[in-house]
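Asker: Dropping a prediction and its sequence here:
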Amino acid sequence: MKLYIAQDTCSRAAQLVANELGLTLELIHFDVRDRTTSNGELFTDVNALAYVPVLEVDNQAKDRLTETIVITSYMADQHPEAGLIPAPGTLERAKNDQLQVFLATEIAQKHIPLMRKLLTEEGAAWTRAKLVNAYTTLDRRLADGRTYLNGETFTVADAYVWATMWQERSGVKIDHLQNLMAYVARVEARPAAQKALKDEAELVARHQAKKAA
Ligand SMILES: N[C@@H](CCC(=O)N[C@@H](CS)C(=O)NCC(=O)O)C(=O)O
């Protein structure tokens, strides 16, 4: 399968899940600044909305999936034995999906206009407060000493939180949320997360070198 990624974006969630599953992916880098891709494709031909991640699956039609939570859930569902996601149709799965939609709408997408400095002062203050509230709910969930958001087992939701910790770029003050901070460090220490960071850095460097040549 092919995964289109960008540097320090939500595509890290898909990389982390793939690594946890031991999948071998061909990674393609999309440079959000100059809009080039590391394999020369026009990215809007890959995804008309020009968003990463995009997963191209290995079927004959080479179908492409977009939306971070769809991609991570799809990969995890293909390998139920790994336990990265509750079984479809169960209440546990509904709760997992509820959490993932919350992460997409209340965290990931709230960061973006802040990072791009698109908001008025009032809008930025409102959005930062929303983010602090959202992160505080995660911190409270972790306050019972659980290792990951859904208990002792790492799941797709943990990959998404880790991939979207953009608080410094957004000017969101959450250092006081110690359960959350310790948890994110635990996720980052996983070999699959370290591999995601390394693979991303190497691919970005190769893409930049190719452009400079
Ligand atoms: N709804 C999509 C949105 C994905 C998204 O916002 N991707 C960002 C990176 S996190 C992106 O590709 N931005 C392109 C750009 O900044 O030009 C999803 O949840 O996956």
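Answerer: Arrived safely, thanks for sending.
Asker: quick one: stretch 158-170 near the ligand?
Answerer: No - using Cβ under 6 Å from any ligand atom, stretch 158-170 stays clear of the ligand, coming no nearer than 7.3 Å. For glycine as for every other residue, the C-beta is placed from the backbone atoms N, C-alpha and C.
Asker: And that stretch, what's buried?
Answerer: Under the neighbour-count criterion of 16 or more other Cβ atoms under 10 Å, stretch 158-170 has Asp158, Ala159, Tyr160, Val161, Trp162, Ala163, Thr164, Met165, Trp166, Gln167, Ser170 buried.
Asker: The third one falls within a helix, correct?
Answerer: Yes - Tyr160: assigned to a helix according to DSSP: H, G, I helix; E, B strand; the rest coil.
Asker: How about the residues of the chain by the ligand?
Answerer: Neighbours of the ligand within the chain, by Cβ under 6 Å from any ligand atom: Ala6, Thr9, Cys10, Val32, Ala50, Tyr51, Val52, Glu67, Thr68, Ala104, Ile112.
Asker: Show the contacting residues for Pro191.
Answerer: Listed by Cβ atoms under 8 Å, 6 or more residues apart in numbering, the contact partners of Pro191 are Asn19.
Asker: Also the one 4 residues further on?
Answerer: In this structure, Lys195 makes contact with Gln15, Asn19, judged by Cβ under 8 Å, 6+ apart.
Asker: so which two of the residues of the chain next to the ligand are the farthest from each other?
Answerer: Val32 and Ala104 (18.5 Å; Cβ to Cβ).
Asker: separation between Met165 and the ligand?
Answerer: Using Cβ to the nearest ligand atom, to the nearest Å, Met165 is found at 12 Å from the ligand.
Asker: Can you tell me the SS state at that residue?
Answerer: Going by three-state DSSP: Met165 is coil.
Asker: and Val32 and Ala104? which has more neighbours close in?
Answerer: Legend: neighbour count by other Cβ atoms under 10 Å for Val32 and Ala104, higher for Ala104 (18 against 15).
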